[in-house]
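Novice: give me coordinates for this.
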Amino acid sequence: MNTTNKIVTVLVVAAIAVATMVIALNIQNGPAMQPQPSPTPTASVTPISSPTPTPATGVEYRNTEYGFSFPLPESWRGHTIVEETWQGATSTDSGEKVVEHGPQLSIRHPLWTDENPRQDIPIMIFTLAQWDALQQDKFHIGAAPIGPSELGRNATYVFALPARYNYAYPTGYEEVDQILQSKPLHAF
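Specialist: Below is the predicted model of the structure:
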């Protein structure tokens, strides 16, 4: 094969790879509804002072830092955001070693209290490289035999639902399950 044919072949393969990536970035997979324990890292709660009304659902959480929005039912007006950190580890001879970490934002129902906690809507945020490494089993998150499920992605981040996020079936888990079935996360 001469040099010109090799160059043409490489360019065709590259074009197919780019087209495949563009298509993959535009596909949003629905969440797998697997329960998972809530993580126990230090968290901070940020009140949402003025949720944006949306005609179809009443309230929308919009995050311009990471580039996504999440419509909510009217009953979630006054929700708060809990900021946590997920950790990814590998197994070593001396135990688990944390090799990756990233943000996790949980949308918290306005009726949540210490005495009566309700099911949060957790959203893990991965860089594209972290997500690829997770898919290649280069690290794991938690003890679950399955990983997080993709809710959506943009050009920079993958948004995912933790595996077994609702394992304890707290108050409101059915409502959160119903919200997630509509595939509400919109990446931009």
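Novice: show me where this protein has its strands.
Specialist: Taking DSSP state E as the criterion, the chain carries its strands at 44-47, 59-63, 68-72, 80-92, 95-108, 121-127, 149-153, 157-161, 186-187.
Novice: can you give me the neighbour number for E174?
Specialist: Neighbours of E174 under the rule other CB atoms under 10 Å: 11. Where you see a C-beta, it was placed from the backbone N, CA and C, and this is true even at glycine.
Novice: sorry, slip of the keys, the one I care about is F68.
Specialist: The local packing count at F68 equals 23, with neighbours defined by other CB under 10 Å.
Novice: for T156, same thing?
Specialist: Taking other CB under 10 Å as the neighbour definition, T156 ends up with a count of 12.
Novice: isn't it right up against E65?
Specialist: No. The pair T156 and E65 does not pass the contact test of CB atoms under 8 Å, sitting 10.5 Å apart.
Novice: follow-up on the earlier one: adding distance to L134 and mean pLDDT, write the strands of the chain out as TSV.
Specialist: Formatted as TSV, these follow (distance: least, CB to CB, whole Å; pLDDT from 0 to 100):
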stretch	distance to L134	mean pLDDT
strand 44-47	25	47
strand 59-63	21	97
strand 68-72	19	98
strand 80-92	7	96
strand 95-108	8	97
strand 121-127	7	98
strand 149-153	10	98
strand 157-161	9	98
strand 186-187	18	98
